[in-house]
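Engineer: Predicted coordinates and the sequence they were generated for:
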Amino acid sequence: MTDNRNTILAVVLSGIVLLGWQYFFNIPQMEKQRAAEKAAQQQAQLHAQNQPAAAGKATPTPAGGPAGAPGSAATVAPTVTREAALTAAPRVKIDTPRVAGSISLKGGRIDDVSLVKYRETVDPHSPAIVLFEPSGAPNPFYAEFGWVGASGTTAKVPDQTTVWTQDGSNALTPTTPVVLTWNNGEGLTFKRTIAIDDNYLFSLKDDVSNGGGAPVTLYPYALISRHGMPQVAGYYILHEGLIGVMGDQGLQEFAYKKIDEEKKKEFKATNAWLGITDKYWAATLLPETNAAVQARFSSDTVAGIKTYQTDYLADPQTIAPGGSGSSTARLFAGAKESKLVDAYDRNLKLNRFELLIDWGWFYFITKPMFWVIDFLFHLVGNFGVAILLVTVLVKAIFFPLANKSYASMAKMKAVQPKLAELRERFPDDKMKQQQEMMELYKKEKINPLAGCLPIAIQIPVFFSLYKVLFVTIEMRHAPFFGWIKDLSAPDPTNLFTLFGLLNYDPTQLPIIGHYLALGIWPIIMGITMWFQMKLNPTPPDPTQKMIFDWMPLIFTFMLGSFPAGLVIYWAWNNTLSVLQQSVIMSRNGAKIELFDNIKATFAGSKKAADNQPKTQTKG
């Protein structure tokens, strides 16, 4: 039956897509997580050796260029606890509604940032997310700003060992900037003013005054440095690593592995930004949009520790005796909230800063999908309910197409007797059968591919919703009802632990463990899909019938480890599809065979059981 073939084709296509999704994204994630854990253990062992600091070599440059690349004198300090590293140097407190931490007076680095609005787990009392850590801590990650002397200059400039003097405010708040000063003892006085807004944007102004007797040429620089390979989510659909938009050269993304291979990538650009991004958090340098910069992504190994860095040099400034120079810089260090990132992009006139969030290839669907879900969330107060509502909206938008599709399917059911007659008239001439069938379709105005359209439409929506759930921080730890505390994580219940009665984790089993995350919502999704399958007539071909019978079960196991929000969407979508298809087919005079097919399934199972030979026992 052609309509069954069409449905099977659409289902198989969806199955292939989902299997590919599992093979290329979900399974590699587990492998990468294990690799990251192993790398972290190795890194900890290296840190535990407390190796002495090792200075890097300055990058050679042409005459007249900077004496060394930003951070060229970077060192790896002996590892201590985070708390010990924070007390190793005097600090200025950072105190805002969203950011807590401190600025080190040694080096003038922003190297202690915690995002107090976000927690490590769904427990609101769990520790806050730590973004930046100081050098010497287990996972150093920091931003540094300053000046690099021109080639041949002997003027002392502040570096990572310089201890600045704090002036004015004792804490950095949105209303009280911090001022740091340092005198090199040779006529140059450096002043750094650091401000922060109510969110995650640091603004820095570096001033230098020349009280000496000779001019000095200096290059402003800024860098973000990360020591050690961080643990990444490991999905191919998500970029984690070095990122930037380099003016006309556009978006540049380098995963940690890729920059390890290339070692260094340099750009000359105007209207650029660059940094390091995680799944939900990022640290990025935002030069002035009219600044021409020499930007660089790099990877190095110092004392056995991988170091990843993004940095830039701005145009040189020659400061005459009695004169002064200044440079401004900006740092975004925080959560990748969509509205906030878009606001910075718009207000600062940045170059597509919105791409800091990895919206993916289906950007034109994914971001509007997020906008609609976020809008509905602010109306109803629950992201899960918002997903249910957006599913209804999608159904309403595509209702005319679905109506046409289901109506065509209803017409195909009506002409099944004529199709059967054609097969009887030309039992051995398949070509003639096809010709006559096409003539019949043309006469009755039937589209034989109509059965594929509802699922074909659903696939890009499915992918865009998956992306929204996976990359947007707004969905992180967003609850639904009952046991679903995080829509971006899989259903925490599991059939194979009897929903918590057995204390073990079946997902850790080799090979098959990944498919044993079978919670309540995936089971509900499987049941709704089974109902949707039963809405169509039972295929006469045994192979087709087997596919129909097993497909809901296969999809249930495949979707078990997907985000709960996506599984809830799929279950709700199946339910709406059953109702919509039933109504449309009924209006077109086609018999609704759902309950008949369900009865036939159980009747067939009972009949098969009755036909089994029974073992007789002797009295």
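Structural biologist: All right, it came through fine.

Engineer: Correct me if wrong, but Tyr504 is in a strand.
Structural biologist: No: looking at Tyr504 with DSSP: H, G, I helix; E, B strand; the rest coil, it is coil, so not inside a strand.

Engineer: Please name the nearest non-neighbouring residue to it.
Structural biologist: Closest residue in space to Tyr504, ignoring its immediate chain neighbours: Thr497 at 6.6 Å, by Cβ to Cβ, 6 or more residues apart in numbering. For the C-beta atoms, the positions are set from N, CA and C on the backbone; glycine is no exception.

Engineer: With Ser488 instead?
Structural biologist: Met475 (4.5 Å).

Engineer: Could I get the pLDDT score of the one you found?
Structural biologist: The model reports Met475 with a pLDDT of 92.

Engineer: now Pro52
Structural biologist: Predicted confidence (pLDDT) at Pro52: the value is 31.

Engineer: measure the residue nearest to Ser488 to Ile554 for me?
Structural biologist: Distance of Met475 to Ile554, given as Cβ to Cβ, to the nearest Å: 27 Å.

Engineer: Tell me which of these two has more neighbours.
Structural biologist: Using other Cβ atoms under 10 Å, the more surrounded residue of Met475 and Ile554 is Met475, with 23 against 17.

Engineer: Just the buried residues of the longest helix seen in the chain, please?
Structural biologist: Assignment by DSSP state H gives helix 564-587 as the longest helix of the chain. Within helix 564-587, the residues scored as buried using 16 or more other Cβ atoms under 10 Å are 564-578, 580-581, 584-585.

Engineer: next one: stretch 481-499
Structural biologist: 484-495, 497.

Engineer: Show me where the stretch 401-550 of the chain dips below the pLDDT cut-off.
Structural biologist: Of all residues in the stretch 401-550 of the chain, those with pLDDT under 70 make up the ranges 406, 408-410, 413, 447-455, 457-458, 536-542, 544.

Engineer: rerun that using 90 as the cut-off
Structural biologist: Along the stretch 401-550 of the chain, segments meeting pLDDT under 90 span 401-470, 495-518, 530-550.

Engineer: quick one, helices of it?
Structural biologist: 416-425, 430-444, 453-471, 520-534, 542-559 (DSSP state H, counting those that start in this stretch).

Engineer: In a markdown table: those, plus distance to Tyr118.
Structural biologist: Below are the helices of the stretch 401-550 of the chain laid out as a markdown table (distance: least, Cβ to Cβ, whole Å):
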| stretch | distance to Tyr118 |
| --- | --- |
| helix 416-425 | 58 |
| helix 430-444 | 57 |
| helix 453-471 | 15 |
| helix 520-534 | 25 |
| helix 542-559 | 28 |
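
Engineer: Nearest to Ala282, out of those helices?
Structural biologist: Nearest to Ala282 among these is helix 453-471 (11.9 Å), distances taken as Cβ to Cβ.

Engineer: what's the angle between that closest one and helix 564-587?
Structural biologist: Helix 453-471 runs at 160 degrees relative to helix 564-587, counting by axes from the mean of the first three to the mean of the last three Cα atoms, to 10 degrees.

Engineer: And the contacts of helix 453-471?
Structural biologist: Helix 453-471 is contacted from outside by 10-11, 13-14, 17, 235, 237-238, 279, 357-360, 362, 365-366, 369-370, 373, 387, 394, 398, 401-402, 405-406, 475, 487-488, 562-563, 565-566, 569-570, 573, 577, 581, using Cβ atoms under 8 Å, 6 or more residues apart in numbering.

Engineer: Can you tell me which of those are buried?
Structural biologist: Applying 16+ other Cβ under 10 Å to the contacts of helix 453-471 flags 10-11, 14, 235, 237-238, 279, 357-360, 365-366, 369-370, 373, 387, 394, 398, 402, 405-406, 475, 487-488, 562-563, 565-566, 569-570, 573, 577, 581 as buried.

Engineer: Give me the secondary structure label for Val341.
Structural biologist: helix.

Engineer: In this structure it contacts Ile357, no?
Structural biologist: Yes: between Val341 and Ile357 a contact is recorded at 6.0 Å, counting by Cβ atoms under 8 Å.

Engineer: Test for you: state the pLDDT assigned to the closest residue in space to Asp197 that isn't next to it in sequence.
Structural biologist: Nearest non-adjacent residue to Asp197, counting by Cβ to Cβ, 6+ apart: Pro174, 5.9 Å away. Predicted confidence (pLDDT) for Pro174: 96.

Engineer: Against Ile473, how distant is Arg226?
Structural biologist: In this view, Arg226 and Ile473 are 20 Å apart by Cβ to Cβ.

Engineer: just Ala564 next, same as before
Structural biologist: To Ile473, Ala564 is 17 Å away according to Cβ to Cβ.

Engineer: domain ranges for this structure?
Structural biologist: Domains of the chain are assigned by automatic domain parsing as 66-353, 367-602.

Engineer: between those, which gets the lowest average pLDDT?
Structural biologist: Lowest mean pLDDT within the domains of the chain: domain 367-602, a mean of 81.

Engineer: The stretch 51-200 of the chain: helices as residue ranges?
Structural biologist: Along the stretch 51-200 of the chain, counting by DSSP H, counting those that start in this stretch, helices occupy 82-86.

Engineer: Not counting sequence-adjacent ones, nearest residue to Phe496?
Structural biologist: Pro506 (4.3 Å).

Engineer: can you pull the contacts of that neighbour?
Structural biologist: 494, 496-497, 513, 516.

Engineer: Among the residues you listed, name the ones in strands.
Structural biologist: Applying DSSP state E to the contacts of Pro506, no entry is found in strands.

Engineer: so which pair among these is furthest apart in space?
Structural biologist: Largest separation among the contacts of Pro506 by Cβ to Cβ: Thr497 and Gly513, giving 12.6 Å.

Engineer: Need the residue closest to the centroid of the chain.
Structural biologist: Val471 (3.1 Å; Cα atoms, centre = their mean).

Engineer: next one: stretch 141-153 to chain centre, how far?
Structural biologist: Offset of stretch 141-153 from its chain centre (Cα atoms, centre = their mean, to the nearest Å): 33 Å.

Engineer: who are the neighbours of the helix or strand harbouring Lys367, in terms of helices and strands?
Structural biologist: Lys367 belongs to helix 363-380 when elements are defined using DSSP states H and E. The helices and strands touching helix 363-380, judged by 3 or more Cβ pairs under 8 Å, 6 or more residues apart in numbering; DSSP states H and E, are helix 338-347, helix 383-397, helix 453-471.

Engineer: Run the angle between that helix and helix 383-397 for me.
Structural biologist: Orientation of helix 363-380 against helix 383-397 (the same axes, to 10 degrees) gives an angle of 120 degrees.

Engineer: what's the angle from helix 363-380 to helix 338-347?
Structural biologist: Following the same axes, to 10 degrees, one obtains 120 degrees for the angle between helix 363-380 and helix 338-347.

Engineer: switch to numbering from 51
Structural biologist: Taking 51 as the first residue, the last one we looked at is helix 413-430.

Engineer: and for helix 413-430, what are the contacting residues?
Structural biologist: Here helix 413-430 makes contact (Cβ under 8 Å, 6+ apart) with 388-389, 409-410, 433, 435-437, 439-440, 443, 510-511, 513-515, 517-518, 522, 524.

Engineer: Please apply the same query to stretch 538-553.
Structural biologist: 519-520, 525-528, 533-535, 554-557, 566-573, 610-615, 617.
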